[in-house]
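**Student:** Just to be clear, the model below is a prediction. Sequence and coordinates:
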Amino acid sequence: MTFQTKINSAQPLLWFGNTLVSIVVPSATGTDQLCAIEHWMPFGDSAPMHVHRNEDEMFHIVSGTLRFSVGGETLTAMAGETVLAPKGVPHSYRVESPEGAHVMTITRGSDFETMVRAAARPAMFTDLPAPSAPTPEMIAQLGALCAANNIDIVGPPLA
């Protein structure tokens with residue numbers, strides 16, 4: 001599946017797992033260290049359950065539907081809705097819409113952005129892949145990158 005993007009061409013596209021991302025506002029841009037990352041996610045994509053020690057994580061759904069678990073509560077968010085995962089609260093999401101989802105994440109600080117940059121690779125195409133399970137090596141690498149950036153993986157992705 002292909003998403004038509006209107007991303008500022010000055011911002012490189014990156015693959016972060018199965019997700020296409022663009023860091024549209026780096027945390028170093030403003031004095032409050034706000035960071036905005038645009039994500040295009042395939043159906044079924046799910047982050048491991050995790051906790052940000054220093055940053056709230058806000059998800060604004062541009063298109064698609066996501067199921068969230070935040071602090072043990074389950075909720076569904078659709079286009080136009082916003083979900084907040086406060087720092088210190090375990091959370092995850094799963095893309096439920098067959099066409100995938102387009103989401104903006106907003107954080108204050110550089111932890112999440114630094115981890116994404118370290119884990120990502122340049123995107124040479126924009127077609128989203130079919131979701132695939134990470135290898136044990138990929139899981140270990142992500143866990144180490146998260147830990148180095150004040151994010152703790154505390155459980156598996158949502159099924």
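**Tutor:** Structure received. Residues are numbered from 1 along each chain as shown.

**Student:** make it CA atoms for all contacts and neighbour counts henceforth
**Tutor:** OK.

**Student:** The protein: helices as residue ranges?
**Tutor:** In the chain, helices defined by DSSP state H lie at 111-119, 136-148, listed in chain order.

**Student:** Rounded mean pLDDT for the last one, please.
**Tutor:** Per-region confidence: helix 136-148 scores 92 on mean pLDDT.

**Student:** swap in the first one?
**Tutor:** Taken as a whole, helix 111-119 has a mean pLDDT of 97.

**Student:** elements contacting it?
**Tutor:** For helix 111-119, the elements it packs on are helix 136-148, judged by 3 or more Cα pairs under 8 Å, 6 or more residues apart in numbering; DSSP states H and E.

**Student:** Tell me which residues of the helix it packs on come out buried.
**Tutor:** Leu142, Gly143, Leu145, Cys146, Ala147 (16 or more other Cα atoms under 10 Å).

**Student:** Report the spatially closest residue to Trp40, excluding sequence-adjacent ones.
**Tutor:** Closest residue to Trp40 apart from its sequence neighbours, by Cα to Cα, 6 or more residues apart in numbering: His102 at 4.6 Å.

**Student:** now Leu34
**Tutor:** Arg108 (4.3 Å).

**Student:** Can you give me the buried ones in stretch 125-135?
**Tutor:** Buried residues in stretch 125-135 (16+ other Cα under 10 Å): Thr126, Leu128.

**Student:** so Cys146 makes contact with Val154?
**Tutor:** No. Taking contacts as Cα atoms under 8 Å, Cys146 lies outside contact range of Val154: 11.0 Å.

**Student:** hmm, back to that, my guess is the residue nearest to Trp40 contacts Leu66. True?
**Tutor:** No. When contacts are counted by Cα under 8 Å, His102 is not listed as touching Leu66 (9.9 Å).
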